[in-house]
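# Okay, structure incoming, though there's no sequence with it:
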Ligand code: SF4
Ligand code: SF4
């Protein structure tokens, strides 16, 4: 079953501080420090056991770059 | 009969060309050719019947976008044309400004929109303002000059330009038609698309769509440049082959063509018989915003691709980390391939870097750049191999 929500990265805000990548196993870091979603793109599908970690990431990102969205990209 | 002042367009069919008809830009000539803009009931349905798709690059069905609009919204005509090799929007705004204005007014009327904007390049400002002064029904249209920037034509950048004066792409959580300029439902439509709507408003969707092919109806403007004797803009019906599109420009013997502009894809000469169309469905090469760059067989495609990649890297709007860092890195790798760096790992590194930037920006600039670069590695695979062995087929 596919996740119904996703953690979305607003790249215009993200400064690559890496807080989120420590909270979520699905996020790596690229060579410049920016979060890297395993399958690529700007949205990490949130699996059930990640819901809390995703909420924490949203709350803790120092530049408010993260948000929870419906899993289907909207554009 | 022949001196009748209002042409009977209701019964006329439209031929090719219909946008680049060659008459002057004045309102008098416009009215003599087409008559006044009728207040057509059911314009949205007519547009759906026409099969019109956006001519700004994304080729989205225009009627779908219109259907997503709420009343009292904003309609923005987008003639900002950030692509340096695109010339069609400027040509249209100089030669047929009234047809574009008609399309904007008709669309706004059909959607009961409250705000009307026309965003144009600096070179088109005067012709557009002159045209607006010539008629009494267009006072509501506000003209704004777009900065000359590659990503400035992106829909969210156009909205940002009107909202803040900056013109930078934005990360949008919802579609602009849901929440755009100052929170209002907003439609951003390319000026060529609007010109077509100006015609549909007169003859109806069916007659407008009588030329072309079922999967790509009507006509489209193409900006043709590169290794050709006669660069310029042409108008062609849907279903045209790449060969027929570039023929009038008298190209040099063709090695490849970049279809769709700097965010487009390189295709080799074996693709000349393929159709250039709205989308890749039915085997067509996507037209994008209608830019065709011809590469003659004496030019090095890898060199050209490297130069474009470097330009695109410099045009990053500087907002998103993966774009800011990844595009220069990608351009650097491509230029090493072009320079004849014989490191065998290079092609794989180009692939990896293209994959690393793709989908990781607020706008499609990284995706488009990655696509252009990837297509170059495929179309110029022989050249990549030659460069790796220390040769360049174009060197002389
Ligand atoms: S915590 Fe915020 S700024 Fe830091 S890497 Fe994650 S999204 Fe970017
Ligand atoms: S992806 Fe690049 S060009 Fe697009 S908004 Fe971000 S930094 Fe600017």
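Cool, the structure landed. Computed from a predicted structure; not experimentally measured. Ligands and ions are numbered 1, 2, ... in the order given.
# Excluding chain neighbours, what is closest to residue 40?
No chain specified, so I'll use chain A. residue B:359 (5.3 Å; C-beta to C-beta, 6 or more residues apart in numbering or on different chains). (C-beta placed from N, C-alpha, C; glycine too.)
# wrong one, I was asking about chain B
Computed as C-beta to C-beta, 6+ apart, the closest residue to residue B:40 that is not its neighbour in sequence is residue B:201, at 5.0 Å.
# Is stretch B:46-61 positioned near chain A?
No - using C-beta under 8 Å from any C-beta of the partner chain, stretch B:46-61 stays clear of chain A, coming no nearer than 9.9 Å.
# Now that stretch: buried residues?
Neighbour-count burial for stretch B:46-61, counted by 16 or more other C-beta atoms under 10 Å in any protein chain shown, picks out B:46-59, B:61.
# OK, contacts around the closest residue to chain B within chain A?
Nearest to chain B, among the residues of chain A, is residue A:11, at 3.3 Å (C-beta to the nearest C-beta). Residue A:11 makes contact with A:34, A:42, A:65, B:171, B:319, B:320, B:321, B:322, B:323, B:360, B:361, B:362, according to C-beta atoms under 8 Å, 6 or more residues apart in numbering or on different chains.
# Okay, it and ligand 2: tell me how far apart.
According to C-beta to the nearest ligand atom, to the nearest Å, residue A:11 and ligand 2 sit 6 Å apart.
# before we move on, what about residue B:121?
Distance of residue B:121 to ligand 2, computed by C-beta to the nearest ligand atom: 19 Å.
# what's the helix or strand for residue A:7?
Per DSSP states H and E: residue A:7 is located in strand A:5-9.
# Okay, strands next: where are they in chain A?
Applying DSSP state E to chain A gives strands spanning A:5-9, A:27-29, A:35-37, A:43-45, A:66-70.
# neighbouring contacts of the fourth one?
Spelled out, it's strand A:43-45. Residues outside strand A:43-45 that contact it (C-beta under 8 Å, 6+ apart) are A:2-3, A:5-9, A:24, A:26-27, A:37-38, A:54, A:69, A:71, A:73.
# Is there a quick ChimeraX command that grabs whichever of these are buried?
Only the buried entries of the contacts of strand A:43-45 go into this ChimeraX selection, using 16+ other C-beta under 10 Å:
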select /A:3,5,6,7,8,9,24,26,27,37,54,69,71
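# Which one of the contacts of strand A:43-45 is nearest to residue B:154?
residue A:73 (15.9 Å; C-beta to C-beta).
# my read: residue B:198 touches residue B:100, true?
Yes - with contact defined as C-beta atoms under 8 Å, residue B:198 counts as touching residue B:100 (6.9 Å).
# More neighbours: these two, which one.
residue B:100 (30 against 24; other C-beta atoms under 10 Å in any protein chain shown).
# Report the secondary structure state of the more buried one.
Secondary structure, DSSP: H, G, I helix; E, B strand; the rest coil: residue B:100 is helix.
# how about residue B:209, what does it touch?
Going by C-beta under 8 Å, 6+ apart, residue B:209 touches B:49, B:50, B:51, B:52, B:217, B:218.
# looking at the sheet around the closest residue to the last one other than its chain neighbours, what are its partners?
Excluding its sequence neighbours, the residue lying closest to residue B:218 (C-beta to C-beta, 6+ apart) is residue B:212, at 5.3 Å. Taking DSSP bridges, one obtains residue B:217 as the residues bridged to residue B:212.
# ok, now which ones touch residue B:212?
Residue B:212 sits in contact with B:218, B:219, B:237, B:238, B:239, where contact means C-beta under 8 Å, 6+ apart.
# Give the rounded mean pLDDT of the helix or strand containing residue B:244.
Element membership of residue B:244, judged by DSSP H and E, is helix B:242-246. Across helix B:242-246, pLDDT averages out at 97.
# ok, residues contacting it?
Contacts to helix B:242-246, defined as C-beta under 8 Å, 6+ apart, come from residues B:222, B:224, B:228, B:234, B:236, B:254, B:257, B:259, B:267, B:271-276, B:285, B:292, B:294.
# Just to check, residue B:216 is in contact with residue B:283?
No - look at residue B:216 against residue B:283 with C-beta under 8 Å: they stay out of range, at 11.6 Å.
# which of the two has more neighbours?
Higher neighbour count among residue B:216 and residue B:283: residue B:216, with 25 against 9, using other C-beta under 10 Å.
# ok, now how distant is that one from ligand 1?
Going from residue B:216 to ligand 1 by C-beta to the nearest ligand atom gives 41 Å.
# by how many degrees do the top helix by length along chain B and strand A:5-9 diverge?
For chain B, the helix with the greatest residue count under DSSP state H is helix B:321-338. Computed with axes from the mean of the first three to the mean of the last three C-alpha atoms, to 10 degrees, the direction of helix B:321-338 lies at 70 degrees from that of strand A:5-9.
# helix or strand for the residue nearest to residue A:40, which one?
Counting by DSSP H and E, residue B:359 is found in no helix or strand.
# so how far is residue B:87 from it?
Using C-beta to C-beta, to the nearest Å, residue B:359 is found at 30 Å from residue B:87.
# Likewise for residue A:55?
Distance of residue A:55 to residue B:87, given as C-beta to C-beta: 50 Å.
# the more surrounded of the two?
residue B:87 (20 against 15).
# That one against residue B:232, yeah?
Yes - using C-beta under 8 Å, residue B:87 makes contact with residue B:232 at a distance of 7.3 Å.
# any common contacting residues for these two?
Taking C-beta under 8 Å, 6+ apart as the criterion, residue B:87 and residue B:232 both touch residue B:223.
# quick one, what contacts residue 50?
Looking at chain A here, since you left the chain open. A:24, A:25, A:26.
# Hmm, no, I was thinking of chain B.
B:196, B:200, B:204, B:205, B:206, B:208, B:209, B:217, B:218.
# if we can go back for a sec, wait, isn't the residue nearest to residue B:40 in contact with residue B:99?
No - the criterion here is C-beta under 8 Å, and residue B:201 misses it with residue B:99 at 10.0 Å.
# Output the below-cut-off pLDDT ranges for chain A.
Within chain A, the stretches with pLDDT under 70 are A:1-3, A:72-75.
# thinking again about what came up before, among the contacts of residue A:11, which are in reach of ligand 2?
Contacts with ligand 2 within those, counted by C-beta under 6 Å from any ligand atom: B:319, B:320, B:323, B:361, B:362.
# nearest residue to residue A:19 other than its sequence neighbours?
Excluding the flanking residues, the one nearest residue A:19 by C-beta to C-beta, 6+ apart is residue A:60, at 5.4 Å.
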